[in-house]
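Visitor: Mind folding the following:
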Amino acid sequence: MSAPAITPVLVRLKLSLLRNGLRQSGGRRAAYIASAVAALLFAALQLIGLIALRGVDHAESLVVLLVAVLGLGWAVMPLFFPGGDETLDPTRLVMLPLRPRPLVRALLAASLVGIGPLFTLCLLAGSVIAVARGGAAFAVGALAVPLALLVCVALARAVAVSQVRLLTSRKGRDLAVLSGLVIAVGAQVVNFGAQRLGSSGLAELGPSADVLRWLPPASAIGAVHAAGEGSYGVAATQLVLSGAALAGLLALWSRSLTRLMTSPDGSTLQGGETPVRDRASAGLARLLPPGRTGTVMERSLRYIWRDPKTKTAWVTSLAIGLIVPVFNAWQGTGSVYFACFAAGMLGVMMYNQFGQDTSAFWMVATTISSARDAYVELRGRALALLLITLPYSVLVTVLTTAMLGDWARLPEALGLSFALLGAMLATGAWTSARFPYSIPQEGYKNVAPGQVGLAWISIFGGMVAAAVLCLPVIALTIWLNLDAAGHGLLWLLLPAGTVHGAALALLGLRLAAPQTARRLPEIITAVSKG
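Guide: Modelled structure (predicted):
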């Protein structure tokens with residue numbers, strides 16, 4: 001008696017798990033329905049837009065590029081959302097007597113159930129309608145749509161299975177948290193590309209599309225356009241490329257699945273004894289000041305490197321602080337003053353200093369017995385922040401000035417950046433003591449429930465206060481630029497801004513230290529809620 005096929009079993013299992021998951025709570029059901037409606041509405045709009053491109057010159061270039069980006073999205077999605085499809089986690093099937101090839105077929109079929117594949121199907125169908133010309137092109141499109149869809153799904157599953165050990169580890173969770181950075185940076189890149197596209201037209205995409213039309217899954221849509229142009233040999237070659245990519249991905253998926261289900265987990269292997277070296281005296285720690293200041297700086301730098309939420313916030317601030325002024329300068333619409341955006345983005349990292357410690361802040365609190373101890377603690381955290389923000393602000397300002405060729409304004413731009421950075425250090429130290437809040441370690445939320453108001457007051461109130469504190473330097477900059485006789489004195493804004501920022505930072509730390517020492521119980525309570 002032959003064994004029953006497992007493909008319908010896994011498809012029904014996928015549907016059952018989705019249905020039972022929605023029954024767990026009304027909130028989860030509402031969130032799923034809302035996301036499904038939003039995705040389907042967006043897919044419908046995309047389909048209408050692609051159909052409207054039919055007959056537009058160079059529409060095939062945009063469609064090919066769109067499908068290539070879609071394929072890239074499927075490839076990187078498992079890296080940032082490893083738990084996005086827990087119903088198809090292959091590690092749950094390790095104990096079952098299943099062979100790789102039937103299992104791959106069954107998982108591939110089950111992977112086609114969901115909102116993502118339906119969204120992709122709508123976009124691929126609209127792409128075929130946009131570029132197809134004649135019956136032969138539509139016939140090729142009937143093959144290209146399912147082929148491209150299978151390539152996308154197989155690509156995602158192959159990546160997920162090959163990296164499943166990483167994705168279920170702490171490094172994988174860190175990578176998932178960084179998805180917000182990718183979205184933020186990608187939004188800026190898309191915005192820049194849309195502006196360039198609006199000014200130059202679809203013809204600008206031609207060179208890129210000529211390359212991407214030979215890469216799966218975009219090659220399947222390229223075959224539709226080639227068939228419409230009468231280039232049947234090119235169309236057949238592009239379809240074969242997509243088919244070969246699908247076969248290769250399935251083979252890679254099967255091999256990775258075999259290795260995953262037959263090799264032992266590294267967590268169960270006995271590790272050898274490795275000597276623990278003294279890290280306190282290694283690397284950067286040797287260059288830090290002695291005493292508590294150096295210890296606090298090293299601890300803060302380790303948070304930046306190791307804590308997922310802190311690392312994500314820093315990388316996001318560094319990326320956005322560079323992208324905004326540089327992209328605007330690249331388009332010729334920027335100003336050297338946009339470089340102050342980098343100082344502002346990084347200065348925000350001084351806010352809620354104790355929230356990143358969460359409940360472990362009690363260990364820091366036990367070492368603070370006076371305002372002097374609190375001052376040294378805050379000073380060490382501020383100096384650790386300056387180790388990164390100061391040279392980075394200089395780099396962004398110099399790079400923006402070089403792209404604009406406005407070297408005469410470099411001193412005033414640096415002076416304003418330093419003044420803003422010092423003001424944000426001052427207000428950040430004060431708000432850290434006065435409005436602390438907890439940062440949950442799990443999930444994507446950066447504020448514990450019930451503390452959103454504290455976060456808004458801390459960040460936005462502090463930013464407004466920092467801008468007000470910088471008014472003297474801003475007023476001096478405006479006055480020297482309006483006064484013809486003052487143009488020769490604009491270089492004074494660099495030392496003036498530096499001194500003003502340093503004085504504000506020192507004053508802010510002095511004022512925040514007594515607040516910190518007095519409010520230690522309240523701070524511990526606030527940062528422990530996450």
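
Visitor: Who are the packing partners of the helix or strand hosting residue 299?
Guide: If you go by DSSP states H and E, residue 299 is part of helix 291-306. When contacts are defined as 3 or more CB pairs under 8 Å, 6 or more residues apart in numbering; DSSP states H and E, helix 291-306 packs onto helix 308-330, helix 371-404. Yep, even glycine has a C-beta here, placed from its N, CA and C like the rest.

Visitor: Which of those comes out lowest on mean pLDDT?
Guide: Among the helices and strands packed on helix 291-306, helix 308-330 carries the lowest mean pLDDT, at a mean of 81.

Visitor: Quick one: the strands in the stretch 51-200 of the chain, in order.
Guide: Counting by DSSP state E, counting those that start in this stretch, the stretch 51-200 of the chain forms no strands at all.

Visitor: Below-threshold pLDDT in it: ranges please.
Guide: Across the stretch 51-200 of the chain, residues meeting the criterion (pLDDT under 70) sit at 79-95, 163-200.

Visitor: Now distance to residue 302 too, for the helices and strands packed on helix 291-306, in a markdown table please.
Guide: As requested, the helices and strands packed on helix 291-306 are exported to a markdown table (distance: least, CB to CB, whole Å):
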| stretch | distance to residue 302 |
| --- | --- |
| helix 308-330 | 10 |
| helix 371-404 | 10 |
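
Visitor: Let's have those helices in JSON lines, adding mean neighbour count and distance to residue 71.
Guide: JSON lines is the format used below for the helices and strands packed on helix 291-306 (neighbours: other CB atoms under 10 Å; distance: least, CB to CB, whole Å):
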{"stretch": "helix 308-330", "mean neighbour count": "19", "distance to residue 71": "24"}
{"stretch": "helix 371-404", "mean neighbour count": "20", "distance to residue 71": "33"}
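
Visitor: OK, contacts around residue 505?
Guide: 382, 422-423, 425-426 (CB atoms under 8 Å, 6 or more residues apart in numbering).

Visitor: ok, 6 Å please
Guide: Counting by CB atoms under 6 Å, 6 or more residues apart in numbering, residue 505 touches 422, 425-426.

Visitor: Which of these fall in helices?
Guide: Residues of these located in helices (DSSP state H): 422, 425-426.

Visitor: got these as CSV, with pLDDT columns?
Guide: Shown next, in CSV, are the ones in helices among the contacts of residue 505 (pLDDT from 0 to 100):
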residue, pLDDT
422, 93
425, 93
426, 92
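
Visitor: Could you list the domains of this structure?
Guide: Residue ranges for the domains of the chain, per automatic domain parsing: 7-264, 289-527.

Visitor: mind checking how far the longest one is from the chain centre?
Guide: If I follow you right, that is domain 7-264. Distance of domain 7-264 from the chain centroid (CA atoms, centre = their mean, to the nearest Å) equals 20 Å.

Visitor: and if you look at the last one?
Guide: Counting by CA atoms, centre = their mean, domain 289-527 is centred 21 Å from the centre of its parent chain.

Visitor: related to what we said a few turns ago, which of the contacts of residue 505 are buried, as a ChimeraX select command?
Guide: Selecting only the buried entries of the contacts of residue 505 in ChimeraX, with 16 or more other CB atoms under 10 Å as the criterion:
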select :422,425,426
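
Visitor: Who's the closest spatial neighbour of residue 133, skipping the chain neighbours?
Guide: Nearest-residue entry for residue 133: residue 228, 3.2 Å, with adjacent residues in sequence omitted and distances by CB to CB, 6 or more residues apart in numbering.

Visitor: That neighbour: what's it in contact with?
Guide: With CB under 6 Å, 6+ apart, residue 228 has these contacts: 132-134, 137.

Visitor: In helices, which of the residues you listed fall?
Guide: Counting by DSSP H, these contribute residue 137 to helices.

Visitor: one step back: looking at the ones in helices among the contacts of residue 505, which one is closest to residue 301?
Guide: Distances from residue 301 to the ones in helices among the contacts of residue 505, taken as CB to CB, are shortest for residue 425 (16.4 Å).

Visitor: how close does the closest one get to residue 519?
Guide: According to CB to CB, to the nearest Å, residue 425 and residue 519 sit 19 Å apart.

Visitor: Could you do residue 152 as well?
Guide: Counting by CB to CB, the gap from residue 152 to residue 519 is 53 Å.

Visitor: Looking at the two now, which is surrounded by more residues?
Guide: residue 152 (28 against 16; other CB atoms under 10 Å).

Visitor: My guess is that one contacts residue 76. True?
Guide: No. Checked against CB atoms under 6 Å, the pair residue 152 and residue 76 is beyond contact range at 11.9 Å.

Visitor: Residue 403 against residue 329, yeah?
Guide: Yes. Between residue 403 and residue 329 there is a contact at 4.0 Å, judged by CB under 6 Å.

Visitor: Does residue 251 belong to a helix, a strand or coil?
Guide: Three-state secondary structure (criterion: DSSP: H, G, I helix; E, B strand; the rest coil) places residue 251 in helix.

Visitor: Contacts only, for the residue lying closest to residue 300 once chain neighbours are set aside.
Guide: Using CB to CB, 6+ apart and skipping the chain neighbours, the partner closest in space to residue 300 is residue 384 (3.7 Å). Residues counted as contacts of residue 384 (CB under 6 Å, 6+ apart) are 297, 300-301.

Visitor: And those residues, which is closest to residue 146?
Guide: Ranked by distance to residue 146 (CB to CB), those are led by residue 301 at 51.4 Å.

Visitor: State the pLDDT value of that closest one.
Guide: On the pLDDT scale, residue 301 is placed at 88.

Visitor: How many neighbouring residues does it have?
Guide: Residue 301 sits with 17 neighbouring residues when counted by other CB under 10 Å.

Visitor: for it, what are its contacts?
Guide: By CB under 6 Å, 6+ apart, residue 301 lies in contact with residue 384.

Visitor: measure it to residue 314 for me?
Guide: 10 Å.

Visitor: do residue 367 as well
Guide: For residue 367, the distance to residue 314 equals 25 Å [CB to CB].

Visitor: got the residue ranges for the helices in the stretch 101-250 of the chain?
Guide: With DSSP state H, counting those that start in this stretch as the criterion, the stretch 101-250 of the chain has helices at 115-131, 135-162, 164-167, 170-177, 179-200, 206-212, 218-228, 232-262.
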